[in-house]
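**Student:** Got a predicted structure here, sequence first:
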Amino acid sequence: MLGRDSFHSRLGFVLAAAGSAVGLGNIWGFPTQVASNGGGAFLLVYLIVTLLLALPALITELYIGYHAKANPVEALSEATSGVSRKLGAAGGYFGMAGALMMLSFYSIVAGWMVSHALAFIAQIIENQPLSDWFVSHSTLRNFVFTPLFIAVTGLIIAKGVSEGIEKWSRRFMPVLLAMLIGLLIYIAMQEGAAEGFRTYLSPDLSKVTDPDLIIAAMGQAFFSLSIGVGGMMVYGSYLKPNENLFKLGGSVALLDTFIAFLAGLLIIPAMFVAKHNGVQIYDNGKLIAEDRLIFDVLPDLFMRMGDVGLYVGFAFFVLMSIAALTSTISSTEVPVSYLVEAKGMQRKKATLGISIVVLVASSTIIMNFGTLFMLVVNWVSRYQLPLMGLFYLIVVGWVWKRGNHLVGQEAKGAVRYLGMYLKWVCPLLLTLVFLNVIR
Ligand code: PHE
C-alpha cells in the first residue's frame, strides 16, 4: 500500500512491541500471581508456558500482520481468503472488540497509577488533603484520571507510527528499565529483602503440576505478551520487508519476560521489607495480592521510609504509568488503523473517534464498577485473548494456504518443523488448557 507508515528501525519495532507487552501485567499482574500462587513455582511454570505456547502464538500473530501488511480486520480476511474472507473479518472484529474492552478497563487502572504518583508529589509539598483525594477511590477521581490517560494515549497515536509510537517507545522504554533497576537495587539493600528473594526464587515443586496454577500462568503469559487483540499484528504489519520474525518475536518475548522477572525481584522482596517495617503482608496465611498489594502494602512501605520513601513511591508509580501507556498505545492503534485503512478516515479523526468510544466504555465501567470491572477484566484475560490466540494458530496452521511460508508445501527446513508444531501441538495444548478454564 502506497504511503503506509512503518517503523523506521528494527530497534524501534522491538521497543514498541516490547512496550506493548510490558505493562501493568508485568509489574503488577505477574508479581501478584507469584505472591498468590506459591512463589517460585509460578515463575517456573510461567517460563515454560511462555516458551511452549505464548511465544509461538506471538510469532503467529506478528506473521499474519507482517505478510498481509494491513490492519487486523483486513489482514485476517486476507489470510482466510482461500476459505472465507468473512470468517477472517469476523475474527478481526472480535479481536478489535477485545482491544476496546482491554482499553476500557486498562485506562481506568492506568489512571490510578498517575493519581498515586501525584499523591506522592502532594506529600512532598505537604498537602495532605490533596494527597488523600488522589488515593481516594472516588468516582470523581476516576473521571479526572481516566480521560487524562485516554487523551495522552490519543495524542501519541494521532502522530502516527514512526513519529508517535516509535519515537515515544524509544524514549519511554529505556527510562522504564532504568527506573525498574534503580528501584530494585534500592529495595534489595533494605532489611528484610533477603526473605523475599528466597520466597521468589525457590519453587515449591509440589505445586508445579496444579492445573489452576498452569491455567493462571497461561492467561498471564498471553496477556503479558499482548496476544489476541491485534496490537502485535498491526505492529508486525508496520515492519519493513526481509525481517526475521523469529528473532524479533524472540527478542520481544525475552524483554517482556525479563522485565516481569525483574518486577518480581522488586515487588516480592519489597513485601518482605514492608513486613520487616511492621506492615501486614499476610492475610489468612496467604500473601496479600492484587489491588491491596499495589495500593496498600507498597505505599505503606514507602511512607514508612521517611522522606526518601516519598521519592521512591513517586518513581514507582511513574514507572507503572509509563508501562501502562506503551500498552494502551498498541491497543488503540488496532481500531485506529482499521478506520484509517478500511474506512479512509483521517488519522486524527479516527483517533478522536476511538478515544471517545473508549471513554464511553470506561465511564460505563466506572459508573457500574462493582458489577462490571472484574467481569470485563476476567473476560478479556481468561477467554478473549487465549481464544483469539487459538484463532490465529488455526488460521495460520490450517486455513491459510497460498503464500504461507510456515505451513504446507512452501515451508522449508527448520521452519517446516516449527510450522508443524504451530499446526498440531499449539492448538491442541491451548484447547486442553482452555477446556480446563471453562470446566
Ligand atoms: N501486555 C500488556 C500488559 O502486560 C497488556 C496488553 C494486553 C496490552 C493486550 C495490549 C494488548 O500489561
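**Tutor:** Perfect, I can see it now.

**Student:** Nearest to the ligand within the stretch 151-300 of the chain, name that residue for me.
**Tutor:** Going by CB to the nearest ligand atom, the ligand is nearest to Ser226 of the stretch 151-300 of the chain, at 3.6 Å. In short, each C-beta sits where N, CA and C put it, glycine included.

**Student:** So is the longest helix anywhere in the chain next to the ligand?
**Tutor:** As assigned by DSSP state H, the longest helix anywhere in the chain is helix 85-124. Yes: using CB under 6 Å from any ligand atom, helix 85-124 reaches the ligand at Met102.

**Student:** Following the chain onward from that helix, which element is next?
**Tutor:** helix 128-135 (DSSP states H and E).

**Student:** so what secondary structure elements neighbour the helix or strand following that next one?
**Tutor:** For helix 128-135, the succeeding helix or strand toward the C-terminus, using DSSP H and E, is helix 139-158. Where contact means 3 or more CB pairs under 8 Å, 6 or more residues apart in numbering; DSSP states H and E, helix 139-158 is packed against helix 85-124, helix 307-343, helix 347-367.

**Student:** Adding mean neighbour count, distance to Gly160 and mean pLDDT, write the ones you listed out as TSV.
**Tutor:** Shown next, in TSV, are the helices and strands packed on helix 139-158 (neighbours: other CB atoms under 10 Å; distance: least, CB to CB, whole Å; pLDDT from 0 to 100):
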stretch	mean neighbour count	distance to Gly160	mean pLDDT
helix 85-124	22	18	97
helix 307-343	22	10	97
helix 347-367	18	6	98
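
**Student:** TSV please, covering these and showing distance to Leu15.
**Tutor:** Formatted as TSV, the helices and strands packed on helix 139-158 follow (distance: least, CB to CB, whole Å):
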stretch	distance to Leu15
helix 85-124	19
helix 307-343	9
helix 347-367	21
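
**Student:** Those: which one's closest to Met179?
**Tutor:** Closest approach to Met179 among these (CB to CB): helix 307-343, 4.5 Å.

**Student:** Contact residues of the stretch 301-439 of the chain facing the ligand?
**Tutor:** Ser327, Ser330, Ser331.

**Student:** Return the closest of these with respect to Leu287.
**Tutor:** Among these, and counting by CB to CB, the member closest to Leu287 is Ser327, at 25.2 Å.

**Student:** re the thing from before, which one of the residues of the stretch 301-439 of the chain next to the ligand sits closest to His67?
**Tutor:** Ser330 (19.2 Å).

**Student:** Touching, the closest one and Tyr235? I think so.
**Tutor:** Yes: using CB atoms under 8 Å, Ser330 is in contact with Tyr235, at 6.5 Å.

**Student:** just to revisit the earlier point, tell me how many other residues crowd the residue of the stretch 151-300 of the chain closest to the ligand.
**Tutor:** By other CB atoms under 10 Å, 29 other residues sit near Ser226.

**Student:** One more: the one 5 residues further on?
**Tutor:** The number of residues packed near Gly231 is 30, by other CB under 10 Å.

**Student:** who's in contact with it?
**Tutor:** By CB atoms under 8 Å, 6 or more residues apart in numbering, the residues touching Gly231 are Ser20, Ala99, Ser330, Ser331, Glu333, Val334.

**Student:** ok, now which ones touch the fifth one?
**Tutor:** Remark: with contacts taken as CB under 8 Å, 6+ apart, Glu333 is in contact with Ile157, Val161, Ile165, Gly231, Val234, Tyr235.

**Student:** distance of the fourth one from Gln128?
**Tutor:** If I follow you right, that is Gly231. When CB to CB, to the nearest Å is the yardstick, Gly231 and Gln128 sit 40 Å from each other.

**Student:** repeat for the first one
**Tutor:** Distance from Ile157 to Gln128, counting by CB to CB: 37 Å.

**Student:** When those two are compared, which one has more neighbours?
**Tutor:** Ile157 (26 against 9).

**Student:** That's all I had, so thanks and see you.
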